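K.L.:
model this:
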Amino acid sequence: MKFKHAFFAILFVLAIHGVLILTQGYYHLKQIDIPMHIMGGFAMGMLGLAIHHQISTRHHNKTSPWWYHFTFVVGFAMLIGVGWEFYEFIMDQTVHVWLQQPLSQPSLANTMKDLLDDWIGAMLAFWIFRKKI
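P.N.:
Sure thing, here's the model as predicted:
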């Protein structure tokens with residue numbers, strides 16, 4: 001996996017996110033959150049693959065088991081996903097309160113669903129691009 005492919009995927013997801021924020025698409029299309037988190041997990045999985053490939057070609061041999069690569073890539077994507085959930089929480093507690101907008105995270109169940117969607121996207125990225133490791 002090359003970094004430029006991962007960065008294009010990230011920019012694509014962020015561009016869609018920006019459009020949805022500007023058009024209030026998240027509030028009009030309630031279920032758009034699911035594919036957005038899956039695509040975000042996929043993009044972060046691609047970035048995790050690129051980072052892991054860079055590290056493993058310099059410091060590791062190629063005989064590591066598949067689960068080692070899987071744990072690194074999916075763990076990296078999930079770390080970013082947890083960070084995104086903190087971002088949503090902070091936005092809900094500040095900007096959304098100030099502007100009297102609906103919450104991004106209405107419940108714990110929503111947060112858990114978002115993390116599950118991130119995990120699904122990261123796993124898809126790993127299984128699709130794992131041959132590039």
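
K.L.:
what residue ranges in this structure score low on pLDDT?
P.N.:
59-62, 132-133 (pLDDT under 70).

K.L.:
name the SS class of residue 104, please.
P.N.:
Secondary structure, DSSP: H, G, I helix; E, B strand; the rest coil: residue 104 is coil.

K.L.:
is it true that it touches residue 93?
P.N.:
No - the pair residue 104 / residue 93 is not scored as a contact, 10.3 Å apart, by CB atoms under 8 Å. C-beta here means a position set from N, CA and C on the backbone, and glycine is covered the same way.

K.L.:
please say which of the two ends up with more neighbours.
P.N.:
Neighbour count, other CB atoms under 10 Å: between residue 104 and residue 93, residue 104 has more, with 20 against 12.

K.L.:
tell me, how many residues neighbour the residue lying closest to the more buried one once chain neighbours are set aside?
P.N.:
The shortest distance from residue 104 to any non-neighbouring residue, by CB to CB, 6 or more residues apart in numbering, is to residue 88 (4.3 Å). If you count neighbours by other CB under 10 Å, residue 88 ends up with 18.

K.L.:
tell me the buried residues in the host helix or strand of residue 88?
P.N.:
Using DSSP states H and E, residue 88 falls within helix 66-93. In terms of neighbour count (16 or more other CB atoms under 10 Å), helix 66-93 has its buried residues at 69-70, 72-74, 76-78, 80-81, 84-85, 88, 92.

K.L.:
adding distance to residue 100, write those out as JSON lines.
P.N.:
Below are these laid out as JSON lines (distance: CB to CB, whole Å):
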{"residue": "69", "distance to residue 100": "46"}
{"residue": "70", "distance to residue 100": "43"}
{"residue": "72", "distance to residue 100": "42"}
{"residue": "73", "distance to residue 100": "40"}
{"residue": "74", "distance to residue 100": "37"}
{"residue": "76", "distance to residue 100": "36"}
{"residue": "77", "distance to residue 100": "33"}
{"residue": "78", "distance to residue 100": "32"}
{"residue": "80", "distance to residue 100": "29"}
{"residue": "81", "distance to residue 100": "28"}
{"residue": "84", "distance to residue 100": "23"}
{"residue": "85", "distance to residue 100": "22"}
{"residue": "88", "distance to residue 100": "17"}
{"residue": "92", "distance to residue 100": "12"}
